[in-house]
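Student: Dropping a prediction and its sequence here:
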Amino acid sequence: MLRDSTSVLLARYMKVIEARRIEPLLESFFAITVGLLAGSIFMAAFGYNPILGYFVLFNGGFGDLSKILESLAYAMPIIITGASFTISARSGVFNLGLEGQAYLGAIGAVYIAGTFHLPPVIHIAAATVFGMLLGALWSLPAAILKIWKGVSEIISTIMLNWIAYYLTIYIAIDLLADPETPHKTISALPSARYIRLTPRSTLTAGIFIALAFCVLIYFLLWHTAVGFELRLAGTNPDAALYAGVDPKKVTLISFILSGLGAGLAGTIQVIGRPPGWCLYTNLGNVLMVGYDGISVALMGRNHPIGCIVSAFFYGGLLNGSRLMESRVGIYSELARALIGIIIMIIAIPELMNIIKRRLK
């Protein structure tokens, strides 16, 4: 009898676990369906054929191997910023400063990559580490303000993004501009460039760094004591305090780790993305890397592995949308708005989960 009762309880427990695993997948599938439907209505409202529009969009992003590789190139930096936001969100901190931290990472990487002469492997490593450190450094003011004075990180990080934007433009134009091509900074020296994997796309070995970063964050959050403290503080702050978890320590670690990731994303975008191997003086090649990463994290249910899948999907949309103006006549601004509608709706389930946890 005891064995039978134990078997029944175990079977019920396994069903509950299975339901919890399937439920997010069903929610995501439903959200994707609704997002695509909303996109169809959007295209139809402007007089475009939704079927043709979606064919061009998805064929341009995933139609063959070269397009898939290019979509991975687009996904490369936002995989990292998505995982970086996951760190902060899981710990109950909203680091919206990934954008500005990525700017500082990019300009720091350009400085090391374009002005120093070092052996190839050492040069890449030095530029990457310096970019990551600048990203982490730029995250510290928001962390200190929150710890010291209780300032909302949402407000402070958004303000720091604007400061980072103009500071980076100043450095790019006045200190690191290419004298022969003023619209960009000096280019990274060949010894500081990530290896291009194929001539058919702009994908470089930076993709392996991005994937490794996500795996590392997954291991940190779910297989270390520090990760457990971060997740506990984000899930139940009262229980974390009772267990002896220091909220100030959690805030500081969260900002530093996510800042390192944002700096890495900016670095990858300039020394790991041909053909320029530089930062444009209007910051065009790093704009939205941080904000897009937040969308990717929400789509991926704030899980580092989910960020890989959602970033690839997002990268495919960005890649495919380039053809919508020439093939369908949909202006690039409308194409970006279409992508925004789709992504916003897909991200709603996880956003609602975050709001529910904050209101508990």
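Tutor: Alright, I've got the coordinates. Note that this is a predicted model, so its numbers are computed, not measured.
Student: which is the next helix or strand following the worst-scoring helix or strand of the chain on mean pLDDT?
Tutor: Across the helices and strands of the chain, mean pLDDT, DSSP states H and E gives its lowest value to helix 2-45, namely a mean of 67. Following helix 2-45 in sequence order, the next helix or strand is helix 50-62 (DSSP states H and E).
Student: so what does that following helix touch, helix or strand wise?
Tutor: Applying 3 or more C-beta pairs under 8 Å, 6 or more residues apart in numbering; DSSP states H and E, we find helix 50-62 packed against helix 2-45, helix 65-90, helix 304-321, helix 324-327, helix 332-359. Yep, even glycine has a C-beta here, placed from its N, CA and C like the rest.
Student: Please identify which of the ones you listed is closest to residue 193.
Tutor: For the helices and strands packed on helix 50-62, distance to residue 193 was read as C-beta to C-beta. The smallest value, 14.0 Å, belongs to helix 65-90.
Student: now for that closest one, which elements pack on it?
Tutor: Judged by 3+ C-beta pairs under 8 Å, 6+ apart, helix 65-90 is in contact with helix 50-62, helix 98-115, helix 206-223, helix 225-235, helix 247-271, helix 289-299, helix 304-321.
Student: can these go into JSON lines with extra columns for mean neighbour count and mean pLDDT?
Tutor: Listed next are the helices and strands packed on helix 65-90 as JSON lines, based on neighbours: other C-beta atoms under 10 Å; pLDDT from 0 to 100:
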{"stretch": "helix 50-62", "mean neighbour count": "19", "mean pLDDT": "93"}
{"stretch": "helix 98-115", "mean neighbour count": "29", "mean pLDDT": "97"}
{"stretch": "helix 206-223", "mean neighbour count": "18", "mean pLDDT": "96"}
{"stretch": "helix 225-235", "mean neighbour count": "18", "mean pLDDT": "92"}
{"stretch": "helix 247-271", "mean neighbour count": "27", "mean pLDDT": "96"}
{"stretch": "helix 289-299", "mean neighbour count": "27", "mean pLDDT": "93"}
{"stretch": "helix 304-321", "mean neighbour count": "24", "mean pLDDT": "94"}
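Student: Distance to residue 37 for these - can I get that in a markdown table?
Tutor: Output for the helices and strands packed on helix 65-90, formatted as a markdown table (distance: least, C-beta to C-beta, whole Å):
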| stretch | distance to residue 37 |
| --- | --- |
| helix 50-62 | 9 |
| helix 98-115 | 30 |
| helix 206-223 | 30 |
| helix 225-235 | 33 |
| helix 247-271 | 31 |
| helix 289-299 | 17 |
| helix 304-321 | 16 |
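Student: So which of these is nearest residue 340?
Tutor: Of the helices and strands packed on helix 65-90, nearest to residue 340 by C-beta to C-beta is helix 289-299, at 8.5 Å.
Student: And for that closest one, what's in contact with it?
Tutor: Contacts to helix 289-299, defined as C-beta atoms under 8 Å, 6 or more residues apart in numbering, come from residues 28, 77-86, 89, 96-102, 161, 262, 265-266, 269, 306-307, 310-311, 313-314, 343-344, 346-347, 350-351, 354.
Student: what do you get if the cut-off is 7 Å, keeping everything else the same?
Tutor: Defining contact as C-beta atoms under 7 Å, 6 or more residues apart in numbering, one finds that helix 289-299 is touched by 77-78, 81-82, 84-86, 89, 98-99, 101-102, 262, 265-266, 269, 307, 310-311, 314, 343, 346-347, 350-351.
Student: Then stretch 152-171?
Tutor: 93-97, 99-100, 103-104, 107, 138, 141-142, 145-146, 281, 283.
Student: can you give me the offset of that stretch from its chain's centre?
Tutor: 18 Å (C-alpha atoms, centre = their mean, to the nearest Å).
Student: Give me the buried positions along it.
Tutor: Within stretch 152-171, the residues scored as buried using 16 or more other C-beta atoms under 10 Å are 153, 156-157, 159-161, 164, 167-169, 171.
Student: burial measure for the closest residue to residue 202 other than its chain neighbours, as a count.
Tutor: In this structure, residue 202 finds its nearest non-sequential neighbour in residue 73, 4.6 Å apart by C-beta to C-beta, 6 or more residues apart in numbering. Residue neighbour count, defined by other C-beta atoms under 10 Å, stands at 25 for residue 73.
Student: for the one 3 residues further on, same thing?
Tutor: By the criterion of other C-beta under 10 Å, residue 76 has 28 neighbours.
Student: now swap in residue 140 and tell me
Tutor: Counted with other C-beta under 10 Å, residues neighbouring residue 140 total 14.
Student: Ok, the one 10 residues further on next?
Tutor: Neighbour count of residue 150, defined by other C-beta under 10 Å: 7.
Student: can you tell which of the helices and strands packed on helix 50-62 is closest to residue 252?
Tutor: helix 65-90 (11.5 Å).
Student: buried ones in that closest one?
Tutor: 67-90.
Student: ok and it relative to helix 289-299, angle-wise?
Tutor: Using axes from the mean of the first three to the mean of the last three C-alpha atoms, to 10 degrees, the inter-axis angle of helix 65-90 relative to helix 289-299 is 80 degrees.
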